[in-house]
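[1] structure, please.
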Amino acid sequence: MATSEKFDVTFGAGSMGFGVETPENQEEGSVVTEVVEGSVADKGGVKVDDFLIGIGDEDITHLDHESTVELIVEAERPVVLHFERVTKANVTTGDDKKNTNDDNAQTANETKKEEKDNAQTVATTNATPFPVLDAEDEIIEIVKEYMKNMSKEEAKEPVNSVEKSFTNALKSADVNGGNSLDKNQFEKCITGLAVSADLIKSLMEKVNASVGDNATISYQEFLDFVVECARKIPPRGKRRGSGGMFSTLGIMKGFGSRWKKKALSTAAKKKKDEAARKERLSRVADASTDAEKSNALSNGSSSENSSSFVINQSGST
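    As a prediction, the model looks like this:
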């Protein structure tokens, strides 16, 4: 049900500050279509969609807006104009109900999402970081075996294949979306990646030694290291032999590993031995007699053995 409010505004000389038109689909009556800010009409409370119903003592509801304008122009100032404001009652339609239900559903979904986000935050905050440094050797072997057994199609993009497979396995078990799993869930995920039971057993021994029985594990550190390993391991069919960089250095692990120190120590020893050998040959070449050559060889061997001992001592330290 609509309600109406009538009010009057007195206009003196000059611009009144509003415009009227005949209402849409009607032949008579005048409705306000424009109000100039700061004008007499604006200050008098006139608003767009108000009806102009009278000028002075004359009713104009039967006139169109052109006739109404003529009367206003001819009227002596000051003149009192009569307005009516119609307020429609709030009627709930089918569309309104649908929109309300949609809004309520959206609010409920947002609330659920917020609760889920809060649960994820709590889960992530309370989770124990994955013990990468303690289990790095085991993780590397698992990645190596997985890459060795991957299909030809997967081997075309080995890093992406590893990241996708390991991520999907862990995410599928992470029902709370908190980037964390308990140890049993984690072990099941790794088992599903078709790597050997012995490797999984070795990995879980390291995990169990570092993480409490009832603790949840934040597996993001594990995933990051898995991907780093995949980047360092040569693709299938392109790995070097037993004497190459792969067997000596393994993977240049990105978490401050011991392997780099070992590799550098081995390389330094080889370089020093080679320098000693060249020095010995140089002395032999410069010797003028067989006795001197024999003595040079003997001294060179002693020097080389001494150098080798020092390097080994340094390496073990």
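[2] residue boundaries of the strands in the chain?
    3-11, 18-21, 30-35, 51-55, 58-59, 79-87, 128-129, 180-182, 216-218 (DSSP state E).
[3] would you list the ones you listed in TSV and tack on distance to residue 69 and mean neighbour count?
    All C-beta spots, glycine's among them, are computed from the backbone N, C-alpha and C. Output for the strands of the chain, formatted as TSV (distance: least, CB to CB, whole Å; neighbours: other CB atoms under 10 Å):
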stretch	distance to residue 69	mean neighbour count
strand 3-11	13	13
strand 18-21	7	19
strand 30-35	8	18
strand 51-55	10	20
strand 58-59	14	10
strand 79-87	12	16
strand 128-129	79	14
strand 180-182	75	22
strand 216-218	76	21
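[4] okay if I get those strands as JSON lines plus mean pLDDT?
    Formatted as JSON lines, the strands of the chain follow (pLDDT from 0 to 100):
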{"stretch": "strand 3-11", "mean pLDDT": "93"}
{"stretch": "strand 18-21", "mean pLDDT": "92"}
{"stretch": "strand 30-35", "mean pLDDT": "95"}
{"stretch": "strand 51-55", "mean pLDDT": "95"}
{"stretch": "strand 58-59", "mean pLDDT": "94"}
{"stretch": "strand 79-87", "mean pLDDT": "94"}
{"stretch": "strand 128-129", "mean pLDDT": "80"}
{"stretch": "strand 180-182", "mean pLDDT": "80"}
{"stretch": "strand 216-218", "mean pLDDT": "79"}
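[5] any chance of the ones you listed in TSV, with distance to residue 269 too?
    As requested, those are exported to TSV (distance: least, CB to CB, whole Å):
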stretch	distance to residue 269
strand 3-11	99
strand 18-21	97
strand 30-35	93
strand 51-55	102
strand 58-59	113
strand 79-87	95
strand 128-129	36
strand 180-182	44
strand 216-218	40
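[6] looking at those, which is nearest to residue 225?
    For residue 225, the closest of the strands of the chain is strand 128-129, at 11.5 Å, according to CB to CB.
[7] helices or strands up against that closest one?
    strand 216-218 (3 or more CB pairs under 8 Å, 6 or more residues apart in numbering; DSSP states H and E).
[8] thinking again about what came up before, out of the strands of the chain, which is closest to residue 275?
    strand 128-129 (44.9 Å).
[9] just to revisit the earlier point, who wins for proximity to residue 44 among the strands of the chain?
    When these are ranked by proximity to residue 44 (CB to CB), strand 3-11 comes first, at 3.4 Å.
[10] can you give me the angle that closest one makes with strand 79-87?
    Here the directions of strand 3-11 and strand 79-87 differ by 160 degrees (axes from the mean of the first three to the mean of the last three CA atoms, to 10 degrees).
[11] what sits up against strand 3-11?
    Contact with strand 3-11 is made by 40-41, 44-46, 53, 77-87, 89, as judged by CB atoms under 8 Å, 6 or more residues apart in numbering.
[12] what's the domain layout of the chain?
    3-87, 93-126, 127-249, 265-316 (automatic domain parsing).
[13] most tightly surrounded among those?
    Counting by mean count of other CB atoms under 10 Å, domain 127-249 has the highest mean neighbour count of these, with a mean of 16.
[14] that older thread, figure out which of the strands of the chain is closest to residue 270.
    Between residue 270 and the strands of the chain, the shortest separation by CB to CB is 37.9 Å, and it involves strand 128-129.
[15] picking that back up, the strands of the chain: which one's closest to residue 161?
    strand 180-182 (21.8 Å).
[16] helices and strands around the closest one, which ones?
    Looks like strand 180-182 contacts helix 94-126, strand 216-218 (3+ CB pairs under 8 Å, 6+ apart).
[17] name every strand pairing with the last one and say which way it goes.
    By that I understand strand 216-218. strand 128-129 (parallel), strand 180-182 (antiparallel) (DSSP bridges).
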